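Engineer: Here you go, sequence then predicted model.
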Amino acid sequence: MTAEVPPGLRDSPEGRELRQALDAVAGSLPELLQDPPDTAAATLLSWTVAAPALRAPAAVLALAALAERPAARPRALELALALAARGQDPAVEPPLHGVRLAPRQTGLDEDVILLGVPQVKLPTRIGLVALDGVRRYFAELHRPRPAQRAIDVGTGSGVLAIVAAKHLRRAGGVEGVWGVDINPWAVLIARANAVLNGEAERTRFLEGDGLGPLDRPDLVGRVDLILSNPPMTIGLPGPPLGPEERFNVIEHPVEFVRRELIGIGVRLLRRPSGRLLFHISGRFPEAQQNLSSVPGFGPKRALLQGLTELDPYVDLRGLVYQELIQDRPYIFLKGYPVEIQPVTATEAHLIRKRGGRIYQQSFVWVYGFDEPALDTSDRPA
Ligand SMILES: C[S@@+](CC[C@H](N)C(=O)[O-])C[C@H]1O[C@@H](n2cnc3c(N)ncnc32)[C@H](O)[C@@H]1O
């Protein structure tokens with residue numbers, strides 16, 4: 001088992017417990033290959049590792065280790081789905097969550113399976129708008145060139161990086177896709193998800209702030225695509241709403257876009273063909289105005305614009321309850337599967353405002369440099 005404890009957790013008690021859990025799990029891997037699926041899933045869930053609270057991350061990483069052997073990958077996916085289906089099982093603490101993105105959501109001809117633990121945000125329905133932007137970018141706007149490089153800033157479960165790697169590979173070649181996240185748990189889980197989905201060789205996940213870890217001279221002007229579904233949940237004072245919000249809340253979301261995407265991203269992009277695709281809520285038009293302030297860099301297309309009312313949420317009346325947080329009322333869903341729970345106060349607030357319907361004004365923008373008639377970026381000077 002090759003999983004490494006990410007630097008941000010290494011010196012913490014939870015990091016040390018995770019290391020022990022991983023070592024314990026490594027010894028059980030051979031059983032997972034031999035046993036029938038039901039027994040193997042039960043084995044995964046029943047491990048009494050040194051730290052029961054870390055069983056779920058350890059199970060995700062064990063599946064990733066299994067998927068590293070090509071012959072065992074179908075089995076790892078099968079077990080991943082079995083576990084994801086039992087995500088609410090009280091026997092798994094912390095719970096293991098999963099989503100399965102169908103081909104119609106990704107534009108690929110295969111499912112993408114994502115596992116998560118409470119510390120990592122899985123794409124919500126609203127988050128899937130960003131994924132739809134990626135799908136449409138490749139369907140409508142992408143011009144294939146060999147050895148492309150992409151970066152996903154704030155990668156979370158790794159979803160956009162993994163899907164981009166698949167698209168780029170099919171569209172003529174991928175040299176590498178990097179995903180960066182400030183949340184060490186996200187780095188761990190995104191790596192595991194990449195392995196499970198057969199994209200480990202083409203993706204690398206790094207822990208860090210924004211584009212900081214990739215602000216390197218060798219990447220300046222050499223990145224073809226920067227993707228970002230940036231953190232936009234403004235932190236409320238007081239305890240975070242859920243474990244994943246420990247990392248997802250941000251004090252100045254517009255400043256994040258300005259500092260990372262403009263300050264570093266525009267410099268890294270290949271000229272003139274490099275593109276920046278980012279998902280932004282209609283609540284933050286200033287972020288977009290900031291981007292348009294860079295000379296020669298502007299919007300090339302809005303892939304999704306306006307009001308997106310997301311079925312099948314349909315009517316949530318009777319399914320919600322109200323809770324006061326910092327003296328402000330928020331509405332939450334009762335007992336709904338995790339992938340459609342409002343995970344942020346903002347989403348819950350939107351539900352409240354729309355009388356029981358999830359509502360979001362979302363934009364996916366593709367930005368780029370003004371291009372001459374012919375793209376000459378690959379020709380020697
Ligand atoms: C809206 S979520 C997007 C997750 C995933 N890309 C998706 O589309 O489902 C934003 C992500 O940004 C990460 N994040 C928050 N602040 C960050 C920072 N300063 N640098 C890098 N990532 C950050 C969070 O941990 C979270 O995973």
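Structural biologist: The structure has been received and is ready for your questions.

Engineer: Can you tell me the closest non-neighbouring residue to K166?
Structural biologist: Leaving aside its sequence neighbours, K166 sits nearest to L108 (CB to CB, 6 or more residues apart in numbering; 5.3 Å). Backbone N, C-alpha and C define where each C-beta goes, glycine included.

Engineer: Checking my notes, that neighbour in a helix, right?
Structural biologist: No - counting by DSSP: H, G, I helix; E, B strand; the rest coil, one finds L108 to be coil, located in no helix.

Engineer: ok, now how distant is it from the ligand?
Structural biologist: The gap separating L108 from the ligand is 16 Å, by CB to the nearest ligand atom, to the nearest Å.

Engineer: which residues sit in contact with N193?
Structural biologist: For N193, the contact set (CB atoms under 8 Å, 6 or more residues apart in numbering) comprises A64, I113, L114, L115, S157, G158, V159, I162.

Engineer: and the residue nearest to K166, how many neighbours?
Structural biologist: By other CB atoms under 10 Å, the residues close to L108 number 18.

Engineer: same question, the one 5 residues further on
Structural biologist: Each residue near I113 was counted by other CB under 10 Å, and the total is 20.

Engineer: Looks like the residue nearest to K166 contacts V163 (just checking).
Structural biologist: Yes - the pair L108 / V163 is scored as a contact, 7.1 Å apart, by CB atoms under 8 Å.

Engineer: Show me what from the stretch 101-250 of the chain comes close to the ligand.
Structural biologist: By the rule CB under 6 Å from any ligand atom, the part of the stretch 101-250 of the chain lying against the ligand is 121, 123, 127, 130, 154-157, 159-160, 180-183, 186, 209-210, 229, 231, 247-248, 250.

Engineer: follow-up on the earlier one: just read off the phi/psi values of the residue nearest to K166.
Structural biologist: As for L108, its main-chain torsions (degrees, to the nearest 10) stand at phi -100, psi 170.

Engineer: distance of it from V134?
Structural biologist: Distance of L108 to V134, computed by CB to CB, to the nearest Å: 11 Å.

Engineer: Quickly list what's touching both of the two.
Structural biologist: Common contact partners of L108 and V134 (CB under 8 Å, 6+ apart): V163, H167.

Engineer: ok, the residue of the stretch 251-381 of the chain found nearest the ligand - how many residues close by?
Structural biologist: Nearest to the ligand in the stretch 251-381 of the chain, going by CB to the nearest ligand atom, is F256, at a distance of 6.3 Å. If you count neighbours by other CB under 10 Å, F256 ends up with 20.

Engineer: So it is in contact with P230, correct?
Structural biologist: Yes - with contact defined as CB under 8 Å, F256 counts as touching P230 (5.7 Å).

Engineer: shaky segments in the stretch 251-381 of the chain?
Structural biologist: Applying pLDDT under 70 to the stretch 251-381 of the chain flags residues 251, 282-283, 305-361, 372-381.

Engineer: The contacts of N193: which two are farthest apart?
Structural biologist: Farthest apart among the contacts of N193 by CB to CB are A64 and V159. That separation is 15.4 Å.

Engineer: These two: which is more packed in?
Structural biologist: Taking neighbours as other CB under 10 Å, A64 and V159 compare with V159 leading, 30 against 24.

Engineer: Can you select the buried ones among the residues of the stretch 101-250 of the chain next to the ligand for me in PyMOL?
Structural biologist: Applying 16 or more other CB atoms under 10 Å to those, the buried members can be selected in PyMOL as follows:
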select buried, resi 121+123+127+130+154+155+156+157+159+160+180+181+182+183+186+210+229+231+247+248+250
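
Engineer: contacts for stretch 62-74?
Structural biologist: Around stretch 62-74, the neighbours that count as contacts under CB under 8 Å, 6+ apart are 1-3, 25-26, 28-29, 32-33, 44, 75-77, 79-80, 83, 115, 191-193, 195-196, 198, 200.

Engineer: Go through these and flag which are in helices.
Structural biologist: Among those, the members found in helices (DSSP state H) are 25-26, 29, 32-33, 44, 75-77, 79-80, 83, 191-193, 195-196.

Engineer: Please convert the buried members of the residues you listed into ChimeraX selection syntax.
Structural biologist: Restricted to buried positions by 16+ other CB under 10 Å, the ChimeraX selection for the ones in helices among the contacts of stretch 62-74 reads:
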select :25,26,32,44,75,76,77,79,80,83,191,192,193,195,196
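
Engineer: distance of F369 from P30?
Structural biologist: 53 Å.

Engineer: who has more neighbours, those two?
Structural biologist: Counted by other CB under 10 Å, F369 and P30 do not tie: F369 has more neighbours, with 21 against 9.

Engineer: What strands line up against the strand or helix carrying D152, and which way round?
Structural biologist: In the assignment (DSSP states H and E), D152 maps to strand 148-153. Sheet pairing of strand 148-153 (DSSP bridges) gives strand 174-181 (parallel), strand 225-228 (parallel).

Engineer: P253 and G210 touch, don't they?
Structural biologist: No - in this structure, P253 is not within contact of G210 by CB under 8 Å, at 11.9 Å.

Engineer: Just to be sure, I262 is in a helix?
Structural biologist: Yes - counting by three-state DSSP, I262 is part of a helix.

Engineer: Per the annotation, how does this structure divide into domains?
Structural biologist: 1-95, 118-374 (automatic domain parsing).

Engineer: Show me which strand runs longest in the chain.
Structural biologist: Determined from DSSP state E, the single longest strand within the chain is strand 359-369.
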